[in-house]
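Asks: Okay, sequence plus prediction incoming.
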Amino acid sequence: MTRVLFVGQRPETVDFSDPAIPPGFNAEKIHAGISIGMAKMAERGWQADLCLIPPDITAALVLEQQLTTTTYNCVVIGGGIRLPPKSLSLLETVVNTVHKMAPTASIAFNTRPEDTAEAAARWLDAD
């Protein structure tokens, strides 16, 4: 079975005033988008897990803990971690943690929570 991990920042911790975040986004919309993305992965027959991390020094620990639960074919890193320039350190932490804990997993990036399945498919279909 194909296993996908979707890693995102806890929506309640996102700074929605940051100009790098698309206008009109809020925690409720992100949660709704995550639900759509998770459903799309299930429709493809994939086992998908969600790991929402805090934007602080505990992020690596939360992600490491999740990555030890199973072997993933692909890890999708959400735009909320990747887009804001002030999140560069968090992005590096996430990428390096995935590299360390899941060295055989592909890494993909979505543009919004709803297209998480499409992001994973770019790499899973390539395998």
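Replies: Structure's in. What do you need? Residues are numbered from 1 along each chain as shown.

Asks: When you work out contacts or count neighbours from here on, use the C-alpha atoms and nothing else.
Replies: Will do.

Asks: Beyond the helix ranked longest in the chain, next helix or strand please.
Replies: The longest helix of the chain (DSSP state H) is helix 27-43. Remark: after helix 27-43, the chain's next helix or strand is strand 47-53, criterion DSSP states H and E.

Asks: Point out where this protein drops to low pLDDT.
Replies: Along the chain, segments meeting pLDDT under 70 span 126-127.

Asks: Could you rerun that using 90?
Replies: Within the chain, the segments meeting pLDDT under 90 span 20-22, 79-80, 83, 125-127.

Asks: Strands of the chain, residue ranges please.
Replies: 3-9, 47-53, 74-77, 106-109 (DSSP state E).

Asks: Columns distance to residue 89 on top of those strands, output as JSON lines?
Replies: Compiled in JSON lines, the strands of the chain are given as follows (distance: least, CA to CA, whole Å):
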{"stretch": "strand 3-9", "distance to residue 89": "13"}
{"stretch": "strand 47-53", "distance to residue 89": "14"}
{"stretch": "strand 74-77", "distance to residue 89": "14"}
{"stretch": "strand 106-109", "distance to residue 89": "16"}
